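In: got a predicted structure plus its sequence, pasted below:
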Amino acid sequence: MQFKHPEILYFLFLLVIPILVHLFQLRRFKKEYFTNVHFLKELAIQTRKSSKLKKWLLLLTRLFLLACLIIAFAQPFFQAKDSKGITNEMFIILDNSFSMQAKGKQGELMKRAVQELLENAPENQTFSLVTNSEIFWNTDIKSIQRELQNLKYSASPFALDNLMAKIKSRKSPYNKDIVVITDAVGLQPKQLKSIDSTFNTYFIIPKAEQKNNISIDSVFIHQTSDNFYDIGVKLSSYGDNENDIPIALYNDKKLIAKTIVNFEGKEKSINFTIPKEDFNGYALIEDNALHYDNQLFFSISKPQRLNVVSIGQPEKSNFLKKIYSDSEFVFNNFDLKSLDYNILEKQDAIVLNELPEIPQALQTTLKSFVEKGGNLIVIPSAEGSVSNLNSLMGNFGGIQFKSLENKEKLVTKIAFNNPLYSTVFEKKIDNFQYPNSASSFGISSAYPSILSFDDQSAFLTAVQNPVSSVYVFSAPINKDNSNFQNSPLIVPTFYNMALSSQKTGINALTIGENSPFLMDASLSKDEIVEIRSLSEEANEKFIPMQQILNNKVKLTFNDFPQEAGNFGIYKQDNLLKKISFNYGRTESDLSASNESLLSDYNVIESIDNVFDTLQTERTDNEIWKWFVFLTLLFLVTEILIQKFVK
């Protein structure tokens with residue numbers, strides 16, 4: 001037991017006063033004379049005994065009364081269990097990622113967590129609130145009530161280590177109470193290592209009632225014809241989804257197609273045929289789980305003819321003329337001697353077709369060309385030197401040529417998942433007419449092979465970056481050395497290598513991935529482009545980071561926009577291009593909750609339990625009221641003794 005005012009205990013010496021009063025009380029008994037002497041003697045003895053007992057009882061009662069009164073003023077208490085934590089700073093980490101859209105027993109998990117905070121957080125409690133998207137330092141529940149009620153879901157996945165880093169950046173001499181409210185979807189063991197062992201950490205894990213969910217993952221062009229696109233929409237199923245799901249395709253909010261999807265496995269692709277023209281819309285499904293992944297926005301620009309140049313002997317480029325037809329490409333072939341370097345920057349793809357020697361000036365030009373978004377295709381010559389080829393590849397990194405091997409090899413492996421072939425094959429094929437090669441260079445590559453020989457060495461590999469690709473063959477593909485030109489692979493391989501995703505294909509960027517985007521535009525040094533939402537409901541606009549590259553502009557979006565949708569790239573009020581943004585699908589699998597990782601941590605059912613626990617463990621047990629009660633009890637006891645004890 002401890003005392004808030006221990007100096008008052010010095011007044012206990014006052015207890016000597018009733019003792020002195022008792023010892024020096026000189027009151028004497030009067031003598032009374034009666035006729036019956038024997039009776040009078042007995043009465044005197046009884047009176048004296050009763051009087052002494054009363055005096056002793058009064059003495060004890062007064063001693064206890066005075067002692068309890070003095071102790072009450074000294075305010076005794078028992079120290080709190082966690083008295084050192086009274087000065088702790090409180091931080092609440094609230095997961096507002098899209099997986100918290102899942103419904104629990106009392107509604108959406110995040111909204112219910114916000115409601116519990118509003119209802120149970122003490123009004124005088126100072127804390128800091130950290131979410132995936134917003135931070136409120138040193139606030140209280142009344143100050144951020146409106147912000148909490150309007151808190152939106154974040155496109156950023158829950159990353160505990162990143163949020164902990166923000167808390168640790170707040171330097172303070174005090175220890176920290178951390179309350180983490182998350183459904184633990186995507187929680188990784190390495191993230192838990194960010195929790196300081198000195199922190200007083202609590203976890204609250206709201207649970208979804210059902211974890212079935214269906215999401216639209218991607219949209220791609222499956223096939224093209226003269227007048228139509230065959231659009232493929234890929235969906236993923238998580239959990240047990242036995243019901244048919246309606247899916248619709250909208251162009252500028254106008255319904256153009258609708259069908260029903262029945263899941264037989266975990267993935268499903270549905271095809272739609274649309275006109276080969278500008279498209280700016282979305283695919284939409286309806287399910288009873290998460291909402292954020294039910295809609296996928298995408299844009300398709302009207303096809304433009306791509307510029308392709310082949311550098312090499314004309315007779316070796318005849319097969320390229322057949323692939324790069326005039327309807328979709330502007331194809332030209334130049335001998336190295338007649339090549340005008342100034343036209344290269346205007347190309348979308350350049351083919352180095354078995355050049356015996358690649359001049360240094362051309363290497364420098366090609367490096368700049370790739371950096372500005374052009375695709376480069378390198379077909380080595382059997383007469384070329386390894387050092388010259390490696391000098392070229394040194395501009396891009398990751399691939400080096402070795403000596404030429406005069407050994408016949410058969411191509412036996414296709415990387416079906418590589419973006420080059422992702423829309424070519426509907427399923428993996430085993431009995432394919434694979435090409436061969438009479439001689440080939442060895443290749444050391446840090447990148448996976450797209451086509452491989454039977455000895456696992458690379459026949460075709462690529463250096464890929466966010467805006468362009470460098471495709472490298474390890475062998476000459478002229479008819480004297482290889483039958484690749486007669487293989488069914490020749491057309492999709494070269495066709496797809498020349499494609500520019502910015503000019504052809506689907507624009508459906510993911511918010512937060514920060515992938516650069518190249519577009520054709522001529523800007524002066526003082527001009528900028530702006531991104532604006534095309535939706536009437538949303539009025540979001542922002543200026544991306546931009547870099548002018550001759551007749552192109554390289555855009556970087558960082559974490560913008562904040563909401564998914566269809567947008568336009570504007571130069572002042574002139575619409576240059578339509579573009580679409582979507583949320584990442586990292587939160588779609590609700591079964592990915594890793595609650596089991598928290599077995600070594602303090603997991604509490606609700607937020608009110610946290611505040612009750614902290615208050616109980618850090619509040620001193622004051623017992624002065626009990627001593628006041630005892631003081632009153634002894635006072636009443638003295639009165640009763642005075643009245644009833646004779």
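Out: Yep, that arrived.
In: what's in contact with the helix or strand harbouring residue 634?
Out: Element membership of residue 634 [criterion: DSSP states H and E] is helix 624-644. Helix 624-644 is touched from outside by 54, 57-58, 61-62, 64-65, 68-69, 71-77, with contacts defined as Cβ atoms under 8 Å, 6 or more residues apart in numbering. Every C-beta, even on glycine, is put in place using the N, C-alpha and C of the backbone.
In: distance between the ends of stretch 600-609?
Out: In stretch 600-609, first residue to last residue: 19 Å (Cα to Cα, to the nearest Å).
In: give me the buried positions along that stretch.
Out: Using 16 or more other Cβ atoms under 10 Å as the test for burial, stretch 600-609 gives 604, 607.
In: what does it contact?
Out: With Cβ under 8 Å, 6+ apart, stretch 600-609 has contacts from 113, 116-117, 119-121, 179, 181, 192, 195, 201-205, 610, 613.
In: show me those that map onto helices.
Out: In this view, the contacts of stretch 600-609 that belong to helices under DSSP state H are 113, 116, 117, 119, 120, 192, 610, 613.
In: out of these, who has the most neighbours?
Out: The residue in these with the most neighbours, by other Cβ atoms under 10 Å, is residue 113 (25 neighbours).
In: pull up the gap between it and residue 205, please.
Out: Distance, residue 113 to residue 205, by Cβ to Cβ, to the nearest Å: 11 Å.
In: same deal with residue 643?
Out: Applying Cβ to Cβ, the value for residue 643 to residue 205 is 64 Å.
In: which stretches of this structure form helices?
Out: 16-23, 37-73, 109-120, 145-149, 160-168, 189-192, 318-323, 360-371, 386-393, 490-498, 607-618, 624-644.
In: what residues are up against the residue nearest to residue 19 when sequence neighbours are not counted?
Out: Leaving aside its sequence neighbours, residue 19 sits nearest to residue 59 (Cβ to Cβ, 6 or more residues apart in numbering; 7.0 Å). By Cβ under 8 Å, 6+ apart, the contact set of residue 59 is 18, 19, 22.
In: cool, and residue 167?
Out: 91, 93, 128, 130, 176, 178.
In: buried ones among those?
Out: Here, 16+ other Cβ under 10 Å leaves 91, 93, 128, 130, 176, 178 buried among the contacts of residue 167.
In: of these, closest to residue 234?
Out: The closest of those to residue 234 turns out to be residue 93 (Cβ to Cβ; 33.6 Å).
In: who does that closest one bridge with?
Out: residue 130, residue 180 (DSSP bridges).
In: that one touches residue 180, doesn't it?
Out: Yes: counting by Cβ atoms under 8 Å, residue 180 is a contact partner of residue 93 at 4.6 Å.
In: give me the common contacts of the two.
Out: In contact with both residue 93 and residue 180: residue 160, using Cβ under 8 Å, 6+ apart.
In: local confidence estimate at residue 50?
Out: Note for residue 50: predicted pLDDT of 66.
In: could you pull out the strands for the stretch 251-400 of the chain?
Out: 254-261, 267-275, 279-285, 295-300, 306-312, 329-334, 349-353, 375-379, 399-405 (DSSP state E, counting those that start in this stretch).
In: from the contacts of residue 167, pick the one nearest residue 8.
Out: residue 176 (36.9 Å).
In: sorry, back to before: list only those of the contacts of residue 59 flagged as buried.
Out: Buried among the contacts of residue 59 by 16+ other Cβ under 10 Å: residue 18.
In: let me have the contacts of residue 59 in JSON lines, extended by pLDDT and distance to residue 251.
Out: Conversion of the contacts of residue 59 to JSON lines gives the following (pLDDT from 0 to 100; distance: Cβ to Cβ, whole Å):
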{"residue": "18", "pLDDT": "78", "distance to residue 251": "99"}
{"residue": "19", "pLDDT": "78", "distance to residue 251": "102"}
{"residue": "22", "pLDDT": "73", "distance to residue 251": "104"}
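In: out of the contacts of residue 59, the closest to residue 515 would be?
Out: For these, the closest approach to residue 515 (Cβ to Cβ) belongs to residue 18, at 89.3 Å.
In: the closest one and residue 67 touch, don't they?
Out: No: counting by Cβ under 8 Å, residue 18 sits too far from residue 67 to count as a contact (10.4 Å).
In: before we move on, back to that, wait, which of the strands of the stretch 251-400 of the chain is closest to residue 422?
Out: Taking the strands of the stretch 251-400 of the chain one by one with Cβ to Cβ, strand 267-275 is closest: 11.6 Å.
In: kindly export that closest one (C-alpha atoms) in PDB.
Out: These are the backbone C-alpha positions of strand 267-275, laid out as PDB (Å, rounded to 0.1, in the frame of the first residue of the first chain):
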ATOM      1  CA  GLU A 267     -10.400 -19.200 -63.500                       C
ATOM      2  CA  LYS A 268     -12.600 -18.400 -66.400                       C
ATOM      3  CA  SER A 269     -12.300 -16.400 -69.600                       C
ATOM      4  CA  ILE A 270     -15.200 -14.900 -71.400                       C
ATOM      5  CA  ASN A 271     -14.900 -13.500 -75.000                       C
ATOM      6  CA  PHE A 272     -16.800 -10.600 -76.400                       C
ATOM      7  CA  THR A 273     -16.700  -9.300 -80.000                       C
ATOM      8  CA  ILE A 274     -16.600  -5.500 -80.400                       C
ATOM      9  CA  PRO A 275     -16.100  -3.200 -83.400                       C
END
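In: that one: partners in the sheet, and parallel or antiparallel?
Out: Applying DSSP bridges, you get strand 228-238 (antiparallel) as the partners of strand 267-275.
In: report the rounded mean pLDDT for the strand it pairs with.
Out: 91.
In: quick one, that strand and strand 279-285 angle?
Out: On the basis of axes from the mean of the first three to the mean of the last three Cα atoms, to 10 degrees, strand 228-238 is oriented at 30 degrees to strand 279-285.
In: buried residues, strand 228-238. List them.
Out: By 16+ other Cβ under 10 Å, the buried positions in strand 228-238 come out as 229, 231, 232, 233, 234, 235, 236, 237, 238.
In: cool, stretch 339-348 as well?
Out: 344, 347, 348.
In: okay if I get these as a markdown table plus pLDDT?
Out: Formatted as a markdown table, the buried residues of stretch 339-348 follow (pLDDT from 0 to 100):
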| residue | pLDDT |
| --- | --- |
| 344 | 92 |
| 347 | 90 |
| 348 | 90 |
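In: tell me the spacing between the nearest residue to residue 222 once chain neighbours are set aside and residue 249.
Out: Among residues not flanking residue 222 along the chain, residue 232 sits closest, at 4.0 Å (Cβ to Cβ, 6+ apart). As judged by Cβ to Cβ, residue 232 and residue 249 stand 11 Å apart.
In: show me where the stretch 451-600 of the chain dips below the pLDDT cut-off.
Out: Low-confidence segments of the stretch 451-600 of the chain (pLDDT under 70): 500-504.
In: one more pass at 80, please.
Out: Low-confidence segments of the stretch 451-600 of the chain, defined by pLDDT under 80: 466, 500-505, 536-538, 550-551.
In: with the stretch 51-200 of the chain instead?
Out: In the stretch 51-200 of the chain, residues with pLDDT under 80: 51-55, 74, 76-87.
In: over to the stretch 301-450 of the chain?
Out: 302-304, 422-433.
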